[in-house]
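A.B. asks: Give me a 3D structure for the following:
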Amino acid sequence: MAIEYTWSFPNFEVDADNKVKVIHWRLDAVDGEYSAGMYGSDSNTSDQDFDTITKDEAKACVIEHSDQTEDEMKANLDAQIEAQKNPEVTSKTKEW
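C.D. replies: Numbering: from 1, shown residues only. The predicted structure is shown next:
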């Protein structure tokens, strides 16, 4: 099964002129029963109008101001899911 990635933008902070000042974002990845996510906020917006900003514009803004590319973000999530599927360390208990 291929990993599915979903961008979401749960909150925007706007000023009195309805200009976006902060974009709160999430990038989630799901592979069957395994999932991973990352989130953050971007306060380096270009004062886009809240009523007209699109999901693609919000995503582009976040990626532009991130220290990672979208591919690097996805690779990070892929690694988290792989670690869930094949953990390097497991917990055990011992009954004495």
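A.B. asks: And the strands in this structure?
C.D. replies: Here the chain has its strands, by DSSP state E, at 4-14, 20-31, 34-42.
A.B. asks: which of these is buried the deepest?
C.D. replies: Comparing these by mean neighbour count (mean count of other Cβ atoms under 10 Å), strand 20-31 comes out on top with a mean of 18. For glycine as for every other residue, the C-beta is placed from the backbone atoms N, C-alpha and C.
A.B. asks: From the contact counts, what lies against it?
C.D. replies: For strand 20-31, the elements it packs on are strand 4-14, strand 34-42, helix 55-64, helix 70-85, judged by 3 or more Cβ pairs under 8 Å, 6 or more residues apart in numbering; DSSP states H and E.
A.B. asks: how about 6 Å then?
C.D. replies: Counting contacts by 3 or more Cβ pairs under 6 Å, 6 or more residues apart in numbering; DSSP states H and E, strand 20-31 packs against strand 4-14, strand 34-42, helix 70-85.
A.B. asks: how near is residue 22 to residue 41?
C.D. replies: Residue 22 is 5 Å from residue 41, where distance means Cβ to Cβ, to the nearest Å.
A.B. asks: With residue 66 as the reference, measure out to the closest residue to residue 76 other than its chain neighbours.
C.D. replies: Closest residue to residue 76 apart from its sequence neighbours, by Cβ to Cβ, 6 or more residues apart in numbering: residue 38 at 6.7 Å. For residue 38, the distance to residue 66 equals 10 Å [Cβ to Cβ].
A.B. asks: Now do the same contact list for residue 21.
C.D. replies: Residues near residue 21 by Cβ atoms under 6 Å, 6 or more residues apart in numbering: 13, 15.
A.B. asks: again with the one 3 residues further on
C.D. replies: Shown in contact with residue 24 (Cβ under 6 Å, 6+ apart): 10-11, 41.
A.B. asks: Tell me, please, where in this structure the pLDDT is lower than the cut-off.
C.D. replies: 1 (pLDDT under 70).
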